[in-house]
Each structure stands twice: as structure tokens, then as C-alpha cells.
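In: From the sequence below, what's the structure:
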Amino acid sequence: MLTVCLLALGGCLVYTWMTQDVLAQLNFLRQRNAGHGPRGGRKSIVSIEPWQTANTLLPMAVSAEEQEFARDAERLADHEVDQAFAVTLRIASLRTSHAAPTGEAQSAAQRVAELEQLVKQDRQQVHQLGGDVAADASKKNQNAASDDNDDLQLARAQLDLDSGELEDARNTLAHLLGDNSDQIQQELSAYRLAQQQAQSGVHATAARAVASVRQHRTLLMRWQALQKQGDRTQLLTEAAAQAGAEATALLTERATAQKKFADTLAATAGRQSRLEQLKDQNNARQILAIYDDRIASDQQLVVVYNKWIAQVALQHRIVTHLIAVSLAWIFAIILGTMVLGMLAQHLLDRLALDNRQAHTLRTMVRMGLQIVCAVIVLLIVFGAPQQTSTVLGLTTAALTIALQDFVLAFLGWFLLMGRNGIHVGDWVEINGVNGEVVEVGMLKTTLLELSSVPGKGHPTGRRISFMNSYAIRGQYFNFSTSSQWTWDDVNIGIPKSLDVHQVAAEIDQLVRKETAENARSAEHDWTRVARGSSLTNMTASSTISMRPTVDGIEVTVHYITRATDRFAMRDRLYLQLLALLQAKQGPEK
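Out: Prediction:
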């Protein structure tokens, strides 16, 4: 057991040391985990980490002065991030405007120049035909529907087609030149949205990665968080795979649609007017552009899901680190308990104690250490109760269970002190043990045991103690209180030489006469106690029974007597019976 604890503790400490880097940041993630980790997707161009840090520290402010400093820090961090976006956009625009296109980019630049010249000519033509070039799409469509000038409609359709191609060509050129202005604008929009959500308190209850996982203080909570993280990882992986599959399917669908549009335009080239052909080309271009946008959205969705998976993986690593810490503490406590137990064993062996005392003390020390160890381990696994009512309830229940014998013994003492209780000097029977009461304390009653063999009533010299709880849940009988009657018997043998029936009748008459007063008193007491019931015809008269033996007949007489006079009554009856037998045998001799 000691070897197993040492190996487990060593393994937990090694894993904790290997994963200590996950807690290097307090409330935000490292850049490599947030942006360009193994599965994190593309890196952010503009870092908003200053604002994230200030926004995370804002709820930690307690006093009014701290809150003022926190707001100032957030304002300055926000200004710093805004300036970072502004300078990044300017640098991107300046770099793109001075970039010298080469190769494929040069061809794209020429295509843009040609399309710009063509769009300029289309605008002039529309203007010459009396159309409004600056009107929006809906207004132009309305004008086209109500205008009878076919040339104007054809010019507008050509302008729409060339303008769309110019936009696509500019996007292609920007991509080839490395212009990331669109990505910067997207990041700026996401940053503004995060600010609005922070101000409205949408995500006010959500903490950053390390802060959120460190809220799981107990081992049980950390294990539950680990399981939930595994479920989230599986769902996110499935979602990313689904988005990737949809993007692949859209690529195939776009290629099919592009081929279909090309075949359709080629087949209807001779049957359609120029205006209808331009409209079909423009619709095909817009449909393909929508396909491109959907494909790009799915690809970005895959990137976002991968970032999310990387974030959950980081939280998973943090939780496993904390679980290793908890297990290390548990094994360290168990190991310390074992070491302390061996040390206590060694110290007790050196003390001059007899075997019984040493065994008792050794057991108490071992149980004490085990109880303390169990309590600490339970606190690590489940944590301390947070509510005062819960703590008081559990404490009260534990004390009630642990001290129930003492509580019942104390309550039983009040019953024993009553009129029908037990007092010093009484002859009682408690749980089958007979004896004379020598002490009645608040928690226990002590008896001087009387022998239970024939001729009982003689002390054995043993003192026996009972917890007073027997008065509530046990059985006891007090022979010394008033009106306490008991049945007793005498046995005597009648020789074969005597008239058995005559002698037995005389013995019965003698016992009845001697116990007549006790029988009347007993019947009176029983009638008084049992009034209102059907037990009012009870009799206390003596009874006689006979049993044959080798030497004659053994006669047994059962009679009623007071418990306090039991032995005196038996002695008197035996003396009288012996005198009766001697009188019967005397004349025959």
C-alpha cells in the first residue's frame, strides 16, 4: 500500500509539473493558443488583448476607487485598440497602393484597368441615353420595367454586368497583392460587437478560460467539468466536419452550376436578344458570387469551430492539471497518515504499558488518524458545505447518531427518577440480569449481581453497569416496588411409605394457609390495575403438581409472594413442610 501511494503521488506530481504552463495567465489565453495554435486557424491581424485584459479585470474592482481605475483602464485600452485598427488599415492601404504587381497579379491589374475603362464607357452610354447612373438597383429596375427604350435597358444591363465583373476582379487583385483590408474590417466589426455585448452584460457571467475552470474547487466538480468538456469537443468536431463537408459539396455544386450556365448561354446565343443574354450573364455571375460567399462562410465556420475546439482543449488540459493537483493532495494525505501511524506505533511500543492498554491506545490512535484522513479527503472531493443551514443540519444529524446512546441514557434517567422508577437498594432485573441497585447516575445504573442458579439471591461479587437507555427502549423489572408480586415454588419429595394423596392434600392446605393473605392482596392489586378489562377474574391461589420419582412422588407447589419476601417465605414453607413430613413418619418408626 505504501509503495502504491508513493508511485501514485510521484505520477501526479510529474504530470502537474509538466502541465504547470496552463496556469501562466490569470484570465486570458496566450496568443499561440488563441490565434495560431495547432488547430487554431488563421492569426488575428490586430490584437485586442489590451481591451480583453481590462474588460476581464473590470468585475474584480470592489471599492469605488478601484472601479474608477478599472473604467479608466478599459477606456485607455479601447482607445489603444482603435488606434491599432486605424494604423493597420492605413498601412494596408498604403502598401497595396504602392505594390508593384507581378506575374498573375499583373494580369489581374490589367483586367481591372480594362474593366474600369469599360464601366466608364457604360456609364457614359447610359447617361447619353437619358438614364440615371446614380440610381439604386431597385429604382433602375423599376425604370427599366416602365421604360420603352430598349437601348437604355441594354445599356443598363451591360453596366450591371461589367460592374459585377469589376468588383470580382478587384477582389481577386487585392487577394493577389496581399490586401487584408477586408479581414481587418471584419475584425473591427467583431470587436465592436464584443464591446456592445460587454456593455449590455450579455456575457457578464462568463469568465475567461483559466478563471472559469478554477471555479471548480472540488475534485468532483473538476471530474464533471472534464466529462462535459469531452462532450463539447465531440460535438464541435462533428460540427466542424459538417461545415467542411458542406463547403466541399458547395464547391462541387458551384462547378456544376458554372458549367451548366456556360452551356445554357452557349445554346441560347442565337435565340435570345442581346438584352436577355446580358441579363442571363448577370444572373449567372450573381449566383456564382453567392456560391463563393457561402463557401467562404463555411470555411470561416470551420476555422471558428477549430478555434473553439482548441479553446476547449486548453480548458481540458487545465482541468486535468487541477485534477492531478487534487489527486496529489489525496495521495500525500494518505501517505502522511500511514507515516504518522507507523511513527505512533513506534512510540507506543517504547512505552511501558501492558498489552491491553497498549492495544487500546494503538487502536484509538489509528482510528483517529483514519477519521482525520477521511474527513480531509472528503473535503477535497466534495468540498465544504456552503450553506450555514446545511452545515448545522449535517452536524446535528452526525451528533445525534454518534451520541444517541448518551441522549437516550440522559432521558431514561428522568424516567428512573419517577415514582415507579428504580432506586438504590431495589432488587431489579435488567435485560435478564438480576441484582441489587447500588448506584443510579445520570447516564448509567450499576447493579450488584445476584446468582441465577437455584437458590438465587446470593451476591456474585460482580458490579454490572447499564446505560439508562434501557428505561426507554429496553426491558426491566423492579421487584422492590410496592405491589410487585412474583410466583415462586417449593419442591418436596414424599416417600412411597406414606399416603401420597393425603400428604399432598395437607401440603396444599398448609401452603394455601400460609400464603392466603398474599393471594388476597395480589388479587386486589391485579383487579385495581386491570379495571375496565376482561382480566378481572384472575386468581392468585396456589397450585400443586406431582411427578413420580424412583423414591416416591415429588410434589411442587406454586404460590404467590411479594418479591421482597420471596426468600423468607420459601424458608418458612420448607420448615413447616419438613415438620409435617417428620410428624407423618414419626409414629411409623
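In: list the helices and strands the longest helix along the chain packs on?
Out: When the chain is parsed with DSSP state H, its longest helix is helix 274-350. Helices and strands touching helix 274-350, as assessed by 3 or more C-beta pairs under 8 Å, 6 or more residues apart in numbering; DSSP states H and E, comprise helix 2-18, helix 31-34, helix 150-177, helix 209-213, helix 219-267, helix 355-382. Placement of C-beta: from N, CA and C, glycine included.
In: can you state the direction angle for that helix and helix 355-382?
Out: Here helix 274-350 runs at 170 degrees with respect to helix 355-382, directions being taken by axes from the mean of the first three to the mean of the last three C-alpha atoms, to 10 degrees.
In: picking that back up, quick one, which of the helices and strands packed on helix 274-350 is nearest to Gln67?
Out: Each of those has some distance to Gln67 by C-beta to C-beta; the shortest is helix 209-213, at 18.8 Å.
In: Look up how far Leu581 lies from the closest residue to Gln576 other than its chain neighbours.
Out: Once flanking residues are discounted, Gln576 sits nearest to Leu510: 5.8 Å by C-beta to C-beta, 6 or more residues apart in numbering. Between Leu510 and Leu581 the distance is 11 Å, computed by C-beta to C-beta, to the nearest Å.
In: repeat for Arg217
Out: From Arg217 across to Leu581, the span is 90 Å (C-beta to C-beta).
In: Of the two, give the one with the bigger neighbour count.
Out: Between Arg217 and Leu581, counting by other C-beta atoms under 10 Å, Leu581 is the more crowded of the two (18 against 13).
In: can you tell me which residues contact that one?
Out: Residues in contact with Leu581, defined by C-beta atoms under 8 Å, 6 or more residues apart in numbering, are Ile492, Ile494, Leu498, Val503.
In: now with 10 Å?
Out: Ile492, Gly493, Ile494, Pro495, Leu498, Val503, Glu506, Ile507 (C-beta atoms under 10 Å, 6 or more residues apart in numbering).
In: Which pLDDT value does the model give it?
Out: Looking at Leu581, its pLDDT reads 85.
In: and what of the one 4 residues further on?
Out: Reading off the per-residue confidence, Gln585 sits at a pLDDT of 76.
In: residue contacts, it?
Out: Taking C-beta under 10 Å, 6+ apart as the definition of contact, the neighbours of Gln585 are Pro495, Ser497, Leu498.
In: Please indicate which of those are buried?
Out: Members of the contacts of Gln585 that pass the buried threshold by neighbour count (16 or more other C-beta atoms under 10 Å) are listed as Leu498.
In: Tell me which entries of the contacts of Gln585 lie within strands.
Out: Pro495 (DSSP state E).
In: Show me which of the contacts of Gln585 is closest to His316.
Out: Ranking the contacts of Gln585 by separation from His316, with C-beta to C-beta as the measure, puts Pro495 on top at 100.8 Å.
In: My guess is that closest one contacts Asp551. True?
Out: Yes: Pro495 is within contact range of Asp551, at 6.4 Å (criterion: C-beta atoms under 10 Å).
In: and for the two, which residues touch both?
Out: For the pair Pro495 and Asp551, no residue contacts each of them under the criterion C-beta under 10 Å, 6+ apart.
In: on that earlier part again, from the contacts of Leu581, keep the buried residues only.
Out: The neighbour-count test (16+ other C-beta under 10 Å) applied to those identifies Ile492, Ile494, Leu498, Val503, Glu506, Ile507 as buried.
In: Can you tell me the SS state at the residue nearest to Gln183 when sequence neighbours are not counted?
Out: In this structure, Gln183 finds its nearest non-sequential neighbour in Ile45, 6.1 Å apart by C-beta to C-beta, 6+ apart. Each residue gets one of three states, and Ile45 gets coil by DSSP: H, G, I helix; E, B strand; the rest coil.
In: Contacts only, for Ile45.
Out: If you count contacts by C-beta under 10 Å, 6+ apart, then Ile45 has 35, 84-85, 88-89, 92, 180-181, 183-184, 186-188 around it.
In: tell me which of these is nearest to Gln224?
Out: When those are ranked by distance to Gln224 (C-beta to C-beta), Gly35 comes first, at 29.8 Å.
In: picking up where we left off before, host element of the residue nearest to Gln576?
Out: Assignment of secondary structure by DSSP states H and E places Leu510 within helix 500-514.
In: Report the buried residues of that helix.
Out: Taking 16+ other C-beta under 10 Å as the criterion, helix 500-514 shows Val500, Val503, Ala504, Glu506, Ile507, Asp508, Leu510, Val511, Arg512, Glu514 as buried.
In: Then stretch 282-291?
Out: Neighbour counts over stretch 282-291 (16+ other C-beta under 10 Å) mark Asn282, Ala284, Arg285, Leu288, Tyr291 as buried.
In: pLDDT (mean, whole number) over that stretch?
Out: Averaged across stretch 282-291, the pLDDT comes to 78.
In: isn't Leu288 right up against Arg254?
Out: Yes: between Leu288 and Arg254 there is a contact at 6.4 Å, judged by C-beta under 10 Å.
In: CA atoms of stretch 367-379 as PDB?
Out: As requested, C-alpha coordinates have been extracted for stretch 367-379 and formatted as PDB (Å, rounded to 0.1, in the frame of the first residue of the first chain):
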ATOM      1  CA  MET A 367      -8.800   5.200  14.200                       C
ATOM      2  CA  GLY A 368      -8.200   8.900  15.000                       C
ATOM      3  CA  LEU A 369      -5.700   9.300  12.100                       C
ATOM      4  CA  GLN A 370      -8.000   7.400   9.700                       C
ATOM      5  CA  ILE A 371     -11.000   9.600  10.600                       C
ATOM      6  CA  VAL A 372      -9.000  12.800  10.100                       C
ATOM      7  CA  CYS A 373      -7.700  11.500   6.800                       C
ATOM      8  CA  ALA A 374     -11.200  10.500   5.600                       C
ATOM      9  CA  VAL A 375     -12.600  13.900   6.500                       C
ATOM     10  CA  ILE A 376      -9.800  15.800   4.700                       C
ATOM     11  CA  VAL A 377     -10.200  13.600   1.600                       C
ATOM     12  CA  LEU A 378     -13.900  14.100   1.600                       C
ATOM     13  CA  LEU A 379     -13.400  17.900   1.800                       C
END
